[in-house]
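In: my questions concern the predicted model and sequence given below.
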Amino acid sequence: MSVKIRLARHGKKKKPFYRIVIADSESPRDGRFLENVGTYNPLVDPVEVSLKQERVKYWIDQGAIPTDTVKSLMKKEGFFANLT
């Protein structure tokens, strides 16, 4: 079982809102997930990203791999600079 940190889309048509979730790589995009660790709102300016940094660090230590999109969001939030 490969675990990924990825986006799950919610919200109305033309008004996306994303949850950052920990999910099995074989689960559907908006389907079953293990844990909700944050949100991403692309509609506000500047974009709004919130992360539960302790839980994300825990899952990365357990071997979870962030998708490219989530990794770029985490870099913009300075998450990798806070890892020590």
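Out: Sure thing, it's come through.
In: and the residue sitting nearest the centre point of the chain, what does it touch?
Out: For the chain, the residue nearest the mean C-alpha position is Ile20 (2.7 Å; C-alpha atoms, centre = their mean). By C-beta atoms under 8 Å, 6 or more residues apart in numbering, Ile20 lies in contact with 5-8, 36-40, 51, 70, 73. C-beta: built from backbone N, CA, C; applies to glycine.
In: in what helix or strand does it lie?
Out: If you go by DSSP states H and E, Ile20 is part of strand 15-24.
In: what mean pLDDT does the helix or strand hosting Tyr40 have?
Out: Element membership for Tyr40 (DSSP H and E) is strand 35-41. Taken as a whole, strand 35-41 carries a mean pLDDT of 95.
In: for whichever helix or strand comes after it, packing partners?
Out: Later in the chain than strand 35-41, the nearest helix or strand by DSSP H and E is strand 48-51. Secondary-structure packing of strand 48-51 (3 or more C-beta pairs under 8 Å, 6 or more residues apart in numbering; DSSP states H and E): strand 35-41, helix 68-76.
In: what distance separates strand 48-51 from the centre of its chain?
Out: Relative to its parent chain, strand 48-51 has a centroid offset of 9 Å by C-alpha atoms, centre = their mean, to the nearest Å.
In: could I get the next helix or strand after that strand in CSV with only the CA atoms?
Out: Once the chain leaves strand 48-51, the next helix or strand it forms, by DSSP H and E, is helix 53-61. What follows is helix 53-61, C-alpha atoms only, in CSV (Å, rounded to 0.1, in the frame of the first residue of the first chain):
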residue,chain,number,x,y,z
GLN,A,53,2.2,20.5,10.1
GLU,A,54,2.7,18.0,12.9
ARG,A,55,0.5,15.4,11.1
VAL,A,56,2.0,16.1,7.7
LYS,A,57,5.5,15.6,9.2
TYR,A,58,4.3,12.4,10.9
TRP,A,59,3.0,11.0,7.6
ILE,A,60,6.1,11.9,5.6
ASP,A,61,8.2,10.1,8.3
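In: no more questions from me, cheers.
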